[in-house]
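[1] How does the following fold in three dimensions:
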Amino acid sequence: MRWLRSFLNSDVLVGEPRDVVLIEAVLAASKLSIPFLTLYLVGARGFDYATAGLFVAIRGLGGLVAVMLAGAIADRFGEKPVVLTLLAGAALSAAAIPHLQSTHALLVGFFLLGAFVNAVQPAFSSLVVRTIPVRHWTEIYAAEYWALNVGFAFTALVGGQVAVFAFDWLFYLEALGTFLALVLVARILPATRPQTRTRSPRQRASLRGRGRRALATVSLAARDRLAVVLISSSLLFALCLSQMTGTLPLDMEASGYSPDFYGYVIFWNGALLTIFQIRAGRAIARRRALRILARAAAVAGLGYGLLALPHQHIALILGCLTIWTVGEMMDAPVRSAVVSALAKPGSRARYLGLLSAALTLGYSIGPWLGGYVLQVAGREALWLGTAGCALLCALIRRVITGRVEARILTVPSEPDRPGSGLPCGKR
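    Numbering: from 1, shown residues only. Presented below is the predicted three-dimensional model:
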């Protein structure tokens, strides 16, 4: 952990925030199945590409539903008991996957696994800043995002070796790692309790009234056309990024590469993000944010387009992966900041919630769409289509640059909430 602190050059990553980041790194490193889900479904279960993508989408949709509820539940019952419950559910769900025989049971298993695993993140992101002044939140969330990518790099490297031996052990080891994270939470983190608030009878709203207010908070952001266009471009970008774990392993397998070799390839993505993401974020912060977002999508589009070349040499794959990782590195630290800047004071969480939902939706349906295109139209259509999607994202962002920059200048700042919301790691 001293190495982590020195890498981040941080004086605030101590005590409870340090412990939470460490546990999140352990949990992220336990998610061995994520990069190899489509290979498992095609190789071990015998599904076609499109059906494998559908299963991955179901897992993502389970996370989409759970994330919307997890934050409210943690506020109600406290973060630590919610984290312990969700980690127990994730461990049991992962261990059960290899034993589910019918298609319907497997769909339910994937949905529950995605729900439990993704629902943990809001509670962790609340825990990591529980004792930290608001002015340090951005730095703490940067450390959290870095830890998630360290875990992803580990899963890519180790998961490939395990997949060659037996796909089922990806889930058994994921269950074991999740249980280890549960033990660390139980033994290291202090107890948390929900904040108690006294309410007058008039303030005790009915269930219907609460539902109306919840709908209003979402619709406020959804009615902002400029924000919706910007958030929609992030959904397009998530569709592209999801192909790295959705269809790239299938494409590489069809070209004769083994699962462990695919693991080495995507380890490069995690390694680049681990080494350069924080430094890139500091450099990008000094430039015009929305133009960086447009360039990020254009750079990623170049990487996807080059992958459509017919000769699948490993140098070409690594080169393309490096290019779109640079695009991801440019996009990740900026998108939440720009959406936050568009929001009016008091409505930032609603805008960030809509952004989080769009990203989760993109990561959910991207593997299904990519698998269908790969099966029906072939790999050239897949990667050219992905490149076209990224370039459309870049075009949308470039067209609205002037309006967004003018809007940001007119929106008053919100001094009590400088943080940029929940980090978005690998899905």
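[2] Give the rounded mean pLDDT of the helix or strand containing residue 20.
    Assigned by DSSP states H and E, residue 20 falls within helix 16-30. Per-residue pLDDT values over helix 16-30 give a mean of 86.
[3] C-terminal to that helix, which secondary structure element comes first?
    Next helix or strand after helix 16-30 toward the C-terminus (DSSP H and E): helix 37-39.
[4] Distance from the chain centre to the helix or strand just after that next one, please.
    Beyond helix 37-39 in the direction of the C-terminus, DSSP H and E gives the next helix or strand as helix 49-77. The chain centre lies 11 Å from the centre of helix 49-77; the measure is CA atoms, centre = their mean, to the nearest Å.
[5] Need the residues that contact the helix or strand following helix 49-77.
    Per DSSP H and E, the first helix or strand lying C-terminal to helix 49-77 is helix 79-96. With CB atoms under 8 Å, 6 or more residues apart in numbering as the test, helix 79-96 has contacts from 27, 33, 70, 73-74, 109, 112-113, 115-117, 119-120, 123-124, 126-127, 130, 171-172, 174-176, 178-179, 181-182, 185-186, 189-192. For the C-beta atoms, the positions are set from N, CA and C on the backbone; glycine is no exception.
[6] Mark which of those residues are buried, thanks.
    The neighbour-count test (16 or more other CB atoms under 10 Å) marks 27, 33, 70, 73-74, 109, 112-113, 115-117, 119-120, 123-124, 126-127, 171-172, 174-175, 178-179, 181-182, 185, 189, 192 as buried among those.
[7] Filter those residues down to the ones in helices?
    Per DSSP state H, helices hold the following members of the buried ones among the contacts of helix 79-96: 27, 70, 73-74, 109, 112-113, 115-117, 119-120, 123-124, 126-127, 171-172, 174-175, 178-179, 181-182, 185.
[8] pLDDT weak spots in the stretch 1-150 of the chain?
    1-14, 68, 71-72, 75, 129-142 (pLDDT under 70).
[9] go again using 50 as the cut-off
    Applying pLDDT under 50 to the stretch 1-150 of the chain flags the ranges 1, 3-8.
[10] And the stretch 251-400 of the chain, by the same measure?
    In the stretch 251-400 of the chain (pLDDT under 50), no residue qualifies.
[11] again, only using 80
    274, 277-290, 311-312, 332-334, 336-337, 339-341, 343-354, 356-357 (pLDDT under 80).
[12] all helices for it, in order.
    For the stretch 251-400 of the chain, applying DSSP state H, counting those that start in this stretch gives helices covering 259-284, 289-306, 314-342, 348-376, 379-399.
[13] what would the ones you listed look like in CSV with distance to residue 62 and mean neighbour count?
    Formatted as CSV, these follow (distance: least, CB to CB, whole Å; neighbours: other CB atoms under 10 Å):
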stretch, distance to residue 62, mean neighbour count
helix 259-284, 23, 19
helix 289-306, 27, 22
helix 314-342, 23, 20
helix 348-376, 9, 22
helix 379-399, 24, 20
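[14] Let me have the ones you listed in CSV, adding distance to residue 231 as columns.
    Below are the helices of the stretch 251-400 of the chain laid out as CSV (distance: least, CB to CB, whole Å):
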stretch, distance to residue 231
helix 259-284, 19
helix 289-306, 12
helix 314-342, 7
helix 348-376, 5
helix 379-399, 11
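[15] sorry, back to before: what packs against the helix holding residue 20?
    Packing partners of helix 16-30 (3 or more CB pairs under 8 Å, 6 or more residues apart in numbering; DSSP states H and E): helix 2-8, helix 103-127, helix 137-165, helix 168-188.
[16] roughly how far out does that helix sit from the chain middle?
    Per CA atoms, centre = their mean, the centroid offset for helix 16-30 relative to its chain is 16 Å.
[17] relative to helix 137-165, how tilted is that helix?
    In terms of direction (axes from the mean of the first three to the mean of the last three CA atoms, to 10 degrees), helix 16-30 departs from helix 137-165 by 20 degrees.
[18] Dump helix 16-30 to CSV, restricted to CA.
    Listed next in CSV are the C-alpha coordinates belonging to helix 16-30 (Å, rounded to 0.1, in the frame of the first residue of the first chain):
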residue,chain,number,x,y,z
GLU,A,16,-10.3,3.8,6.1
PRO,A,17,-10.1,5.1,2.5
ARG,A,18,-6.9,3.1,2.0
ASP,A,19,-8.5,0.0,3.4
VAL,A,20,-11.6,0.4,1.2
VAL,A,21,-9.4,0.9,-2.0
LEU,A,22,-7.4,-2.2,-1.0
ILE,A,23,-10.5,-4.3,-0.6
GLU,A,24,-11.9,-3.0,-3.9
ALA,A,25,-8.7,-4.0,-5.7
VAL,A,26,-9.1,-7.5,-4.2
LEU,A,27,-12.7,-7.7,-5.3
ALA,A,28,-11.8,-6.4,-8.8
ALA,A,29,-9.0,-9.0,-9.1
SER,A,30,-11.5,-11.8,-8.2
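[19] So that it lines up with my notes, have the first residue be 151 from now on.
    With the count now opening at 151, the last piece we talked about shows up as helix 166-180.
[20] Would you indicate which residues of that helix are buried?
    Quick answer for helix 166-180 (16+ other CB under 10 Å): 166-180.
[21] Quick check, residue 492 in contact with residue 559.
    No. The pair residue 492 / residue 559 is not scored as a contact, 11.3 Å apart, by CB atoms under 8 Å.
[22] Kindly report the domain assignment for this structure.
    160-344, 364-564 (automatic domain parsing).
[23] The first one: how far from the chain's middle?
    Spelled out, that is domain 160-344. Domain 160-344 has its C-alpha centroid displaced from the chain centroid by 11 Å (CA atoms, centre = their mean).
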